[in-house]
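In: Sharing a model prediction with you, sequence too.
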Amino acid sequence: MDDAPHIPVMLKEVCEYMNPQDGGIYVDGTFGAGGYTRALLDQANCSVIAIDRDETALVAAQNWIGSYGDRLKLVHGSFGDLKNHLLALNIEKVDGIVLDVGVSSMQIDQAERGFSFRFDGALDMRMDASQGETAADIVNSYKEEALANLIYQYGEERLSRRIAKTIVKNRPIGTTLQLADIVRSVVPRSKKSGLDPATRTFQALRIAVNDELGQLEELLDSTPDLLKKGGRLLVVSFHSLEDKIVKNFMRGQRIEASRYEPVVNEYIGSNYSSPFLMLSKKAFLPSKEECLSNPRSRSARLRVAERLEE
């Protein structure tokens with residue numbers, strides 16, 4: 001193992017609320033650089049199933065086997081397919097699941113992966129580089145209306161129609177900086193947030209390319225069957241789309257469509273009663289110290305729930 005391990009967002013809080021126990025089986029559904037996995041394995045004599053769609057992350061962790069032996073199992077795939085991954089390992093239920101939803105710092109820093117507009121690279125954005133359409137495929141083939149809807153829905157970008165129109169006018173687009181400059185040409189920089197004008201468009205494309213919200217919903221739907229009684233579900237998210245899905249699921253969301261209508265249980269469009277108890281009604285936030293040392297953590301939200309009686 002390296003001498004300077006990557007420290008993931010809200011590591012202290014994840015370890016505290018997961019509270020791994022000797023003999024327990026835990027899932028790190030977004031392995032990345034392995035920060036959560038390493039911490040859980042070091043905190044207790046437990047086992048961790050580490051899943052990542054990015055095969056390069058798992059290859060880099062092969063030398064960990066020497067330190068952790070059969071307590072660490074590396075799985076190439078999506079966390080949305082967790083049920084099948086566990087079946088393949090002859091595991092029926094686990095004691096905890098943790099996710100850090102979104103793109104990893106390691107992927108952002110690789111220019112050739114196309115996740116960031118800080119570097120010039122091919123407009124790819126696939127977490128699993130072996131399959132699926134790229135961001136360039138979407139940008140260059142979608143009709144203007146479909147592209148505008150995608151940017152609005154997944155990027156929560158108010159100027160999505162203006163962006164889509166300009167993208168279509170400037171096709172073909174092949175690199176990250178080319179796309180970023182196109183978006184910046186029609187979206188003013190926000191003095192309030194300080195966000196780069198291209199941020200929301202890049203977020204929308206990344207989510208679409210990797211079906212991130214669909215994978216999250218599939219994972220959440222499977223957790224009642226996969227967690228033991230008292231098992232913990234921890235999800236770190238970085239924007240409101242993910243956080244809303246997680247919050248609604250954990251609460252068995254009660255939505256009031258009107259002050260004059262009865263409250264109904266609703267989760268992703270269907271009647272739902274939560275099998276979880278949230279440890280806090282509000283999301284846990286990173287400490288001020290962490291926000292100063294790691295700016296990426298500023299938008300992080302951690303939600304924790306415990307599996308109730310089956």
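Out: Received it, and whenever you're ready, just let me know what you need.
In: Mind giving me the packing neighbours of the longest helix seen in the chain?
Out: For the chain, the helix with the greatest residue count under DSSP state H is helix 212-226. Packing contacts for helix 212-226, counted by 3 or more C-beta pairs under 8 Å, 6 or more residues apart in numbering; DSSP states H and E, involve helix 82-88, strand 94-100, helix 240-251. For the C-beta atoms, the positions are set from N, CA and C on the backbone; glycine is no exception.
In: what would those look like in a markdown table with mean neighbour count?
Out: Below are the helices and strands packed on helix 212-226 laid out as a markdown table (neighbours: other C-beta atoms under 10 Å):
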| stretch | mean neighbour count |
| --- | --- |
| helix 82-88 | 16 |
| strand 94-100 | 24 |
| helix 240-251 | 20 |
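In: and of those, who's closest to residue 26?
Out: Nearest of the helices and strands packed on helix 212-226 to residue 26, taken as C-beta to C-beta: strand 94-100 at 4.4 Å.
In: what comes into contact with the closest one?
Out: 8-9, 14, 18, 20-21, 24-30, 32, 36, 40, 46, 49, 79, 82, 86, 216, 219, 223, 226-228, 230-236 (C-beta atoms under 8 Å, 6 or more residues apart in numbering).
In: From the residues you listed, which land in strands?
Out: 25-28, 49, 227-228, 230-236 (DSSP state E).
In: By neighbour count, which of these wins?
Out: Neighbour counts for these (other C-beta atoms under 10 Å) peak at residue 27, which has 32 neighbours.
In: hey, what's that residue bridged with?
Out: Beta bridges link residue 27 to residue 49, residue 97, judged by DSSP bridges.
In: What is the end-to-end distance of stretch 141-161?
Out: 16 Å (C-alpha to C-alpha, to the nearest Å).
In: Could you check it and say which residues are buried?
Out: 142, 147-152, 154-155, 157, 159-161 (16 or more other C-beta atoms under 10 Å).
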